[in-house]
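1. sequence below, structure please.
(3 chains)
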Amino acid sequence: QKMKKQISNAISDFFFEYETPRQVLVRNRRVGVVCRLIQLGVLAYIIGWVFIYEKGYQSTDTAVSSVFSKMKGVGYTNINGTERIWDVDYVFPSQGDSSFVVMTNYIITEGQKLGKCPELPGKHNCRKDSDCEGGVYKRTGNGEMTGVCVNSTMTCEVLAWCPIENDQHVPNPPLLMSAENYTLFIKNSVTFPLFDVTRSNLVEGIDTSYISTCLYDPEDAPLCPIFKLGDIIKLSGFNFETIARVGGAIGIVIDWTCNLDYDVKHCKPKYNFHGLYGNPSETDKTRASVGYNFRYAKHYLENNVEKRTLLKVFGIRIDIIVHSLARKFDIIPTLTAIGSGVGIFGVATVVCDLVLLYLLPKREFYKNMKFKHTLTPEQYPSRYQATQDSRHVQH
Amino acid sequence: QKMKKQISNAISDFFFEYETPRQVLVRNRRVGVVCRLIQLGVLAYIIGWVFIYEKGYQSTDTAVSSVFSKMKGVGYTNINGTERIWDVDYVFPSQGDSSFVVMTNYIITEGQKLGKCPELPGKHNCRKDSDCEGGVYKRTGNGEMTGVCVNSTMTCEVLAWCPIENDQHVPNPPLLMSAENYTLFIKNSVTFPLFDVTRSNLVEGIDTSYISTCLYDPEDAPLCPIFKLGDIIKLSGFNFETIARVGGAIGIVIDWTCNLDYDVKHCKPKYNFHGLYGNPSETDKTRASVGYNFRYAKHYLENNVEKRTLLKVFGIRIDIIVHSLARKFDIIPTLTAIGSGVGIFGVATVVCDLVLLYLLPKREFYKNMKFKHTLTPEQYPSRYQATQDSRHVQH
Amino acid sequence: QKMKKQISNAISDFFFEYETPRQVLVRNRRVGVVCRLIQLGVLAYIIGWVFIYEKGYQSTDTAVSSVFSKMKGVGYTNINGTERIWDVDYVFPSQGDSSFVVMTNYIITEGQKLGKCPELPGKHNCRKDSDCEGGVYKRTGNGEMTGVCVNSTMTCEVLAWCPIENDQHVPNPPLLMSAENYTLFIKNSVTFPLFDVTRSNLVEGIDTSYISTCLYDPEDAPLCPIFKLGDIIKLSGFNFETIARVGGAIGIVIDWTCNLDYDVKHCKPKYNFHGLYGNPSETDKTRASVGYNFRYAKHYLENNVEKRTLLKVFGIRIDIIVHSLARKFDIIPTLTAIGSGVGIFGVATVVCDLVLLYLLPKREFYKNMKFKHTLTPEQYPSRYQATQDSRHVQH
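-> Predicted structure coming up:
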C-alpha cells in the first residue's frame, strides 16, 4: 500500500514537475554583444547554409538508369576509285548501347589468309635465322615465328594472317569526314527508387513531331534528344578532323539534378560534353592517351579457302554517362540538422562563457555569479540540514 | 615552485571537481504535463523512428556487381515457305551481357549491293532533277544523291546499298512469336566493399539440380534464376504480341536490400520487372518512345561481288539493373544519431521554457525563479563581497 | 512613443544582456574523476575516431568513370593438323569495352545447314514416334520436333541446324593455352563531379615510353596499366589451365580511394583481382556457378546454300569494375560532427548527474545543491511581491 502510494507519487512528481536550468543574466555590453553576434552567426549558418544553401532538410537519392542510342546518317568513301556507302556498319556494337564507337577512319587489309610471311620492315628486324626463335611469339609480333629470317625484308618470318597489316600511315584526312553530319538519338530513363519517381529524357513537350525536326543546341534546343556528331565534338572542345583521324573518347553526361519538392515536371536533363582523356589543351601532357582504335575482321570463303578482311578502325568512342541526384524533403535529415544545430548553439554558449570567465577584468565577479561551490557535506555539518542552499563558504 | 603548486592545484581542481547545472523544479501541472509530453514525443521519435524504423544505428553501402545472362530456346520462322531455325543468332550481343536485345521480329532485305537506285516512293519525292542536289545527303535519306530524279517512282536517285530497304510494313503477327518460350538464365554477384561481403544470386539451396528444372515464379520460385521471356513481359504489365511486334525495353531490377546484422544467408535477391519507357497504360502520352529496333548487316561475297543481307531487327531490350543497399551496425552513425537526438531534446526544453516564461499567467514569478540578474559590479559595491549569492527566498 | 521606447529597450536588453547557466561545483573525488573520465572519453572519441580515423570533417563523392580495354597477343591452334592463328577474333566484343570475354577454348561445329536430323544420343531419347510430339520444342532441345523417332540413335528428329553440335567433350588441355601470354591494356578515367577533379590511370610518370615496356606487377610496377592475362588469373587465386578449359569470370577492381586534401597527384589507382563467382577454394560449394561459355555463329554461302560455323566459346570473362571514393574537407560535415559531438557531451553530463543524484550516499545533499523547488506562487503569497529572488537591483 505504502509502496503503491510512493510509486503514484513519483509518477505525479514526474508529470507535474518540470526542471529548467537556472541562469544568470549578465548585464555587460561587451560580453552581451559578442555573445549575441556569435549566436546570430551560428543561427545564420544553420538557416542560411545548412538549410537554404545545402538543403539539409532533404534526403537524397541517385537513380538507376538505362540508356539507348541510335546513330543515323550515311557515309561515303572513295579509295582509289572504289566507292563505298556506309550506313549501318559504322557503329560498334550495332544494337544501341550506352557506350559505342562510331568509325571515322580505317585501315583496310583485304584478302588475308593463313600462311607464312615476313613481318613488316622496321619491326622485328633480323640478320640471320637464329635471331628468329622458332615457335615463339613476340609481344608486338603478328604471329608465331617460324625460325626463318627473310632476306628481302630482313625481318622474321611468321605464321600469321598474310599479308601482314601495314598500319604505319593513318589516312589523312580521315576517310569518313562525313561522320560529322551523323545524328545521334538518345533515349534515357531514370528511376529514383527512394522517391518512386521515373523520368525519361523525352520530357513534356518533346513529342514525335518535335523530335523529327529538332537538333540539339545548348541555347535554342537544350532538351532535344538528337545530336549532330560534329556538334558533340565541338562542344567537347575538340577539332573534328583531328579526333576523326586518330580516334578519341567523348563523354556525354546526362545530368539529372532534381529538386522533387517542386513539381516533377521541372526535373529535366542537362547535357554536357567533355573529352574523357585529358582536355584538348593538355594534349602534350597526356599524349600517351590520345587516339582510340580497335581491330575487327570479316571472314569469308573464296574458292573454299577461308579469307578475311581486317579493319583497323579509328573512331569516336562515346560513353553516355548518367549522373543523377534527386532531393526531397524528409523529416530525418531535417531533425538531424536541427539537433546538430542546437549542438553548435551550445558551442556558442561555451565560447561566451570562456570570454566571460577568463578574459574579462571583472571575471571573478562573474564566476561567483555563475558557480556555487560545494565542499563535502562534512565540512559544514551544523548548518547542513536547515540552510544548505545558501550559506556555504564564499571564496 | 609556487607556479608548480598552482598547476598541480589546477589539475586536482579539474579532476576532483565537477560542475553540473543548477535547476529549478517548477511544480506546475500544465507546464509539467506539456513539457513531459514534448520530451516523450522527442524520445519516441528518436527511438522509434530514427533507430527502429530508419535504422539510424547502421551504416550503409552499395555494391559493386557483375551480371551475366544466357538466353536459351529455339525460334522458327516460315516466310513464304522458307523455313528457318533461330538458335544462337537472336541475342545481341552474343556473349551474355547485362544489357542485350532478343530479336522478336524483323524486316529482311536480301542481296543488297552498292549501286544507284531511287529512294522509296513517299519520301524524298521530286519533280525534276534540280530537286535532287547531287553529292548531298538528306537527314533521313539512304545515300548520296546523284542529282537525278527517277521518273518511274518520282523520287531522287541515290548511291546506296540497293535495293533500298522497305520498312513500311512491320510483320504482324511478329515472326518469332516462339520467343515467348525462350528462357533467360541470370548469374549475378554483388560485393559490398565496406562490409567485405560477397553474395551471388545462386544462394544457399540453389544448386545445379534445382536450376536444371526450376522456372521463376513470383510466388512459388522467387529465387530461381531462370525466367521465361513471356513471363518477364507479363510481369512488366505488357502484352507479349504488341511488344514483340514493334520492340520494347524491359528492366529487370535485382534488388539486394540486406540487413547484415542478421546472418548473411538472409541476404537474398528480389526480382522486379518493369517497362523502361513508360508503363503500358501511358502509351498515348509516351508514344514517341514506343518501340525498339536497330539495323544489322551480314556481308558475303557472291561471284566476287560484295553483297549484304540487311536486317531491321525489332526486339525486346532487356537491361538487368542491380539495385543494392546493405546495412550493418556501426558506432559512428549510432553516436551521431544519439548526439543529434540529445540536441533535439534541447529543443524540447527551449519550447517548455517559452511556455513557462511567456505564456503562463504567473510568468513573472517563474522568470524570477529562473534568472538571477546582475548589473555591473560597480552598481552595488558595498554589498558585493559578502552577500550577492545568498539572500533570496529559502524554501 | 512609449511603445517605441519599449521596443528599443527590449532590443538593448537583448544585445547587452546575456544569459549563462548557473552551475554547482561539486567537490567530490569519486564523482569528479568518473565524470572527467567520461568527458575525456567522449572527447577522445570525437577527436580520435570521428575526426582522425573516420575523417568526419570531409565530405565524400563517388566518381563517374569510363573504361577502355585492349587485348594484344597471338594465339595458335592445331586441330588434327589444321593450323590456325588467332589474333583479333578472340575478344568479344571487339571494340574494347569494360566487360569482355577472352576465348580460351572452343568446340567448333563446321558446315551446319538447316535440315532435319536426330538429336544427339543420350538426350531426348524415344522409343516410338509418339514420344516425339511434332511441332513442339523441348526446353533443352535444338529444334522443332518433326514427330519422328529415328531408329539409329533412338532420339527424336528435329528441324534444326544440322548436324547437331556435340559439346559433351570439352577439349583438354584448352586449345588456346597461349592466351596466358596475352596482354591487356586498360585506360580508365574518373571524374568526381562534386570536387571537379578528373584523373586517369595514366598518372604522372606513366608516359608512352614507359607503357611500351612495362608489365603490371603488384610490387614492382603497381601503376603499369598493362597486365598479362596469366598474371590476372594467378593474382585472382585461380589455376590458369582449369579456368581456361571451362571458362570463368574475373573482376578487376580499380580502386580510387583519394584524399583530395592532399595534392591531386597522390590520387592513384590500385588494382585488385578476384573471382566473381566464389573463390577457388569454395569450388565445391559453388559448383553450379563454375564455367563461362556462350555460342556464336559465322554464316557463309557455299554453292548458294547458307551454312554456318557454330562455335561454343569457353572463355575468361573480365569485368573491369571501378570503385571510387574521394574525400575532401567540407565545412558542413565538420560542423555537423562538432554539433553532434557537443550533443554526446551532453550525454556525459547526464550520466554524471545520474551518478551524483542516485548512486552517491550523500545524494540528498547534492540534490539540494542542484535543484531549487518552487511551489505554486499562491503557497507563499506574503513574500511574493517583494522578496522572492530578491534583493538584488530590480530593473
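
2. and the gap between A:P222 and chain B?
-> Per CB to the nearest CB, to the nearest Å, A:P222 is found 17 Å from chain B. For every residue, glycine as well, the C-beta is placed using N, CA and C.

3. so that residue touches A:N272, yeah?
-> No: using CB atoms under 8 Å, A:P222 is not in contact with A:N272; the gap is 11.0 Å.

4. ok, the longest strand belonging to chain A: who's next to it in the sheet?
-> Criterion DSSP state E: the longest strand present in chain A is strand A:305-329. Sheet pairing for strand A:305-329, assigned by DSSP bridges, gives strand A:58-61 (antiparallel), strand A:99-118 (antiparallel), strand A:248-259 (parallel), strand A:293-302 (antiparallel).

5. list the buried residues in that strand.
-> Under the neighbour-count criterion of 16 or more other CB atoms under 10 Å in any protein chain shown, strand A:305-329 has A:307-328 buried.

6. what's the answer for stretch A:225-244, then?
-> Buried positions in stretch A:225-244, judged by neighbour count with 16+ other CB under 10 Å: A:225-233, A:235-236, A:238, A:240, A:243-244.

7. A:P222 and A:N272 - which one has more neighbours?
-> Neighbours around A:P222 and A:N272, counted as other CB atoms under 10 Å in any protein chain shown, are more numerous at A:N272. The numbers are 15 against 12.

8. break chain A down into its domains, please.
-> Following the assignment in the TED database, chain A carries domains at A:22-56+A:330-387, A:62-119+A:164-329.

9. which helix or which strand is home to A:G291?
-> Here A:G291, judged by DSSP states H and E, is contained in no helix and no strand.

10. what do you get for A:M369?
-> Using DSSP H and E, A:M369 sits within helix A:363-370.

11. for the helix or strand just after that helix, list the C-alpha coordinates in PDB.
-> The helix or strand immediately downstream of helix A:363-370 is strand A:371-374, counting by DSSP H and E. This file holds the C-alpha atoms of strand A:371-374, laid out as PDB (Å, rounded to 0.1, in the frame of the first residue of the first chain):
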ATOM      1  CA  PHE A 371      29.200  29.000  -9.800                       C
ATOM      2  CA  LYS A 372      28.200  27.800  -6.400                       C
ATOM      3  CA  HIS A 373      30.900  25.800  -4.700                       C
ATOM      4  CA  THR A 374      30.200  22.900  -2.500                       C
END
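
12. any idea how far A:F195 is from chain B?
-> Distance from A:F195 to chain B, by CB to the nearest CB: 14 Å.

13. again, but for A:V253
-> A:V253 sits at a distance of 19 Å from chain B (criterion: CB to the nearest CB).

14. before we move on, what about A:W161?
-> Separation of A:W161 from chain B (CB to the nearest CB) stands at 17 Å.

15. of all of chain A, which residue lies closest to chain B?
-> Per CB to the nearest CB, A:G339 is where chain A lies closest to chain B, at 3.3 Å.

16. for A:H274, give me its contacts.
-> With contacts defined as CB atoms under 8 Å, 6 or more residues apart in numbering or on different chains, A:H274 is in contact with A:S236, A:G237, A:I250, A:G251, A:V253.

17. that one - that's part of a strand, no?
-> Yes: counting by DSSP: H, G, I helix; E, B strand; the rest coil, A:H274 is part of a strand.

18. so what's it bridging to?
-> Beta-bridge partners for A:H274, by DSSP bridges, are A:G251.

19. likewise for A:Y106?
-> Beta-bridge partners for A:Y106, by DSSP bridges, are A:V313.

20. was I right to think it contacts A:T309?
-> No: applying CB under 8 Å, one finds A:Y106 not in contact with A:T309, separated by 10.6 Å.

21. helix/strand/coil for A:T191?
-> Following three-state DSSP, we place A:T191 in the strand state.

22. actually A:R36, not the one I typed
-> When classified by three-state DSSP, A:R36 comes out as helix.

23. so what's it up against?
-> Taking CB under 8 Å, 6+ apart, we find A:R36 in contact with C:F14, C:F15, C:Y18.

24. my guess is the residue of chain A closest to chain B contacts B:I338, does it?
-> No: A:G339 lies out of contact with B:I338 (CB under 8 Å); the separation is 9.9 Å.

25. low-scoring pLDDT stretches of chain A, where are they?
-> Within chain A, the stretches with pLDDT under 70 are A:278-290, A:374-395.

26. so what's the residue positioned nearest the centre of it bridging to?
-> Centroid-nearest residue in chain A: A:H323, 6.1 Å away (criterion: CA atoms, centre = their mean). Beta-bridge partners recorded for A:H323 (DSSP bridges): A:D255.

27. any idea how far it is from C:K328?
-> Distance check for A:H323 against C:K328: by CB to CB, to the nearest Å, it reads 18 Å.

28. what helices and strands are in contact with the helix or strand where the residue of chain A closest to chain B lies?
-> Using DSSP H and E, A:G339 maps to helix A:331-354. For helix A:331-354, the elements it packs on are helix A:29-44, strand A:58-61, helix B:331-354, strand C:17-21, helix C:331-354, judged by 3 or more CB pairs under 8 Å, 6 or more residues apart in numbering or on different chains; DSSP states H and E.
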